[in-house]
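In: Okay, structure incoming, though there's no sequence with it:
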């Protein structure tokens with residue numbers, strides 16, 4: 001759904017990142033200036049704090065409650081339609 005709307009979207013599997021730690025996943029997304037969607041609220045809230053404390057930037061973290069994939073994609077598209085990539089920098093957003 002994201003790709004059909006013209007957004008660049010890759011999965012951990014697409015990127016060869018399966019089995020990597022949360023920190024590695026976020027670093028991978030950050031290096032590519034991509035927001036990171038996740039269900040893992042606890043770990044990614046902590047990582048966001050670590051980035052802030054270290055003066056590091058990330059490209060956005062989207063925390064989603066477990067829902068059907070189509071519903072999550074719909075929420076992500078709604079968010080992306082409202083915000084620019086620059087506006088997502090260092091944001092921890094709940095969808």
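Out: Arrived safely, thanks for sending. This structure is a prediction, so every number in the text was calculated from the model and none was measured.

In: What's the separation between the residue positioned nearest the centre of the chain and residue 55?
Out: When Cα atoms, centre = their mean is applied to the chain, the residue found nearest the centroid is residue 36 (1.4 Å). When Cβ to Cβ, to the nearest Å is applied, the distance between residue 36 and residue 55 equals 19 Å. The C-beta positions use only the backbone N, C-alpha and C, and glycine is treated the same way.

In: Also residue 82?
Out: 28 Å.

In: Check residue 75 too.
Out: Distance from residue 75 to residue 55, by Cβ to Cβ: 30 Å.

In: if we can go back for a sec, in the sheet, which residues pair with the residue nearest to the centre of the chain? Tell me.
Out: residue 61 (DSSP bridges).

In: What separation do you get for it and residue 83?
Out: According to Cβ to Cβ, residue 36 stands 15 Å off from residue 83.

In: Which of the residues in the helix or strand bottoming out on mean pLDDT in the chain are classified as buried?
Out: Of all helical and strand segments in the chain, the minimum by mean pLDDT, DSSP states H and E falls on helix 69-82, at a mean of 89. Residues 72-73, 75-76, 79-80 are the ones in helix 69-82 that count as buried (16 or more other Cβ atoms under 10 Å).
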